[in-house]
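>>> pasting the sequence and the predicted coordinates here, then a few questions.
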Amino acid sequence: MDTRRTSPDIDTLTIEYRRECRENGIRKTDREWMHPVLTQWARTLETGHPLDDHTSTLTVMLMAHSLPFRDAIILSSLKRFTPTQLLDIATRQHRKQTVALITKTLEEAFESADYRLDTPRVERASSQLSRFAADYAGEQWSAQPIASRAYLSWIQGHTQAASAGALAALSVDPECALASIVFFAVEGNIRPMYL
């Protein structure tokens with residue numbers, strides 16, 4: 001029995017999301033849709049309890065439509081942010097304070113030999129991303145979850161899993177830039193300094 005979700009549900013949410021973006025503006029719609037999802041995601045990273053089906057579907061849909069939202073999912077997998085910080089990463093990525101926060105987080109993770117990865121947090125995120133990918137296996141919706149999981153594998157130093165994930169993401173979406181970045185990082189033997 002195929003237990004994956006079917007596309008019409010996520011397609012219906014996409015239609016509704018796009019309609020609200022047209023009627024209410026992208027920024028307002030993003031903040032209203034993303035805030036509850038990011039709140040639940042942050043709770044999942046803290047507790048390990050999986051997201052409910054509706055929130056999971058919303059997360060996959062928003063990852064496909066908003067790269068800043070996807071970035072918020074990835075960055076929050078590395079460290080804890082306040083709800084306001086996390087929402088700003090997803091919806092106000094170009095604000096000076098948000099840019100500084102993102103830059104600091106990435107510099108800590110990639111350029112510090114003393115960095116200590118929160119492995120349980122990353123593994124909880126990877127587990128949830130794997131569930132997203134399985135729910136939409138073979139569909140383009142799975143590309144960003146697979147690529148994000150590959151990115152987290154690369155951060156952990158799991159280069160074989162990172163490379164395989166990047167290729168899997170590219171197989172369903174050849175234009176997935178994050179997957180290409182991960183693949184070429186592995187091929188170029190580029191690694192975070194803490195490893």
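Right, received. Where do you want to start?
>>> neighbours of E175, how many?
Neighbour count of E175, defined by other C-beta atoms under 10 Å: 9. All C-beta spots, glycine's among them, are computed from the backbone N, C-alpha and C.
>>> could you do L167 as well?
By other C-beta under 10 Å, the burial measure for L167, its neighbour count, is 14.
>>> assign a three-state SS to it, would you?
helix (DSSP: H, G, I helix; E, B strand; the rest coil).
>>> so where's this protein shaky on pLDDT?
1-8 (pLDDT under 70).
>>> helices along that one, start to end?
Using DSSP state H, the helices assigned to the chain run over residues 7-24, 26-47, 53-65, 67-78, 83-91, 96-111, 119-135, 143-156, 159-172, 177-187.
>>> redo those as JSON lines? Include distance to L195.
Listed next are those as JSON lines, based on distance: least, C-beta to C-beta, whole Å:
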{"stretch": "helix 7-24", "distance to L195": "36"}
{"stretch": "helix 26-47", "distance to L195": "22"}
{"stretch": "helix 53-65", "distance to L195": "26"}
{"stretch": "helix 67-78", "distance to L195": "14"}
{"stretch": "helix 83-91", "distance to L195": "25"}
{"stretch": "helix 96-111", "distance to L195": "10"}
{"stretch": "helix 119-135", "distance to L195": "13"}
{"stretch": "helix 143-156", "distance to L195": "8"}
{"stretch": "helix 159-172", "distance to L195": "10"}
{"stretch": "helix 177-187", "distance to L195": "12"}
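>>> buried deepest among the ones you listed, which one?
The highest mean neighbour count among the helices of the chain, using mean count of other C-beta atoms under 10 Å, belongs to helix 143-156: a mean of 26.
>>> identify the residues contacting it?
Applying C-beta atoms under 8 Å, 6 or more residues apart in numbering, the contact partners of helix 143-156 are 60, 63-64, 70, 73-74, 77-78, 109, 117, 119, 122, 125-126, 129-130, 132-133, 136, 159, 161-166, 168-170, 172-173, 176, 178-179, 181-182, 185-186, 191-192.
>>> same question, stretch 9-21
By C-beta under 8 Å, 6+ apart, the list of residues contacting stretch 9-21 reads T29, D30, E32, W33, T57, L58, V60, M61, L62, H65, Y136, W141.
>>> dump the C-alpha coordinates for it into PDB.
C-alpha atoms of stretch 9-21 as PDB (Å, rounded to 0.1, in the frame of the first residue of the first chain):
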ATOM      1  CA  ASP A   9      -3.600  18.300  -1.400                       C
ATOM      2  CA  ILE A  10      -0.400  20.200  -1.800                       C
ATOM      3  CA  ASP A  11      -1.600  21.600  -5.100                       C
ATOM      4  CA  THR A  12      -4.700  22.900  -3.500                       C
ATOM      5  CA  LEU A  13      -2.600  24.600  -0.800                       C
ATOM      6  CA  THR A  14      -0.400  26.100  -3.500                       C
ATOM      7  CA  ILE A  15      -3.400  27.600  -5.300                       C
ATOM      8  CA  GLU A  16      -4.700  29.100  -2.000                       C
ATOM      9  CA  TYR A  17      -1.200  30.500  -1.100                       C
ATOM     10  CA  ARG A  18      -0.700  32.100  -4.500                       C
ATOM     11  CA  ARG A  19      -4.200  33.600  -4.400                       C
ATOM     12  CA  GLU A  20      -3.500  35.200  -1.000                       C
ATOM     13  CA  CYS A  21      -0.200  36.500  -2.200                       C
END
